[in-house]
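> sequence isn't available, so here's the structure alone:
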């Protein structure tokens, strides 16, 4: 099962509030294949899921995943790091 850390949920809440989509919005994630490097994670704050997205609710926030992305992220978790300038970097890792 794909899970979201508390710190990642707080970051998503911060981003959705800042973009005024908190009520129904969330973070949409897509895992893209790269020819030599494996995969890259694309994230965007959006007001609603795309048709066919799976919706994950966690700690009062939502993450929208394309179905193929959800399958590839099974047994992984979403975490976040905040740099000194206040920018968030989301990362996906193997469940603990």
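Cool, the structure landed. The shown structure was predicted, so the numbers you read here are calculated from the model rather than taken from an experiment. Numbering: from 1, shown residues only.
> buried residues, stretch 71-84. List them.
Buried residues in stretch 71-84, counted by 16 or more other C-beta atoms under 10 Å: 73, 76-80. Where C-beta positions appear, they are placed from N, C-alpha and C, glycine not excepted.
> correct me if wrong, but residue 14 is in a helix.
Yes. According to DSSP: H, G, I helix; E, B strand; the rest coil, residue 14 belongs to a helix.
> residues near it, how many?
16 (other C-beta atoms under 10 Å).
> can you tell me the closest non-neighbouring residue to it?
residue 88 (7.9 Å; C-beta to C-beta, 6 or more residues apart in numbering).
> with residue 46 instead?
residue 28 (4.8 Å).
> work out for me the element that neighbour sits within.
strand 26-34 (DSSP states H and E).
> from the chain's centre, how far out does that strand sit?
How far strand 26-34 lies from its chain's middle: 8 Å, per C-alpha atoms, centre = their mean, to the nearest Å.
> and the helix or strand following that strand, what's its mean pLDDT?
Where DSSP H and E defines the elements, the next helix or strand beyond strand 26-34 is strand 38-46. Averaged across strand 38-46, pLDDT comes to 82.
> can you give the strand pairings for strand 38-46, parallel or anti for each?
strand 26-34 (antiparallel) (DSSP bridges).
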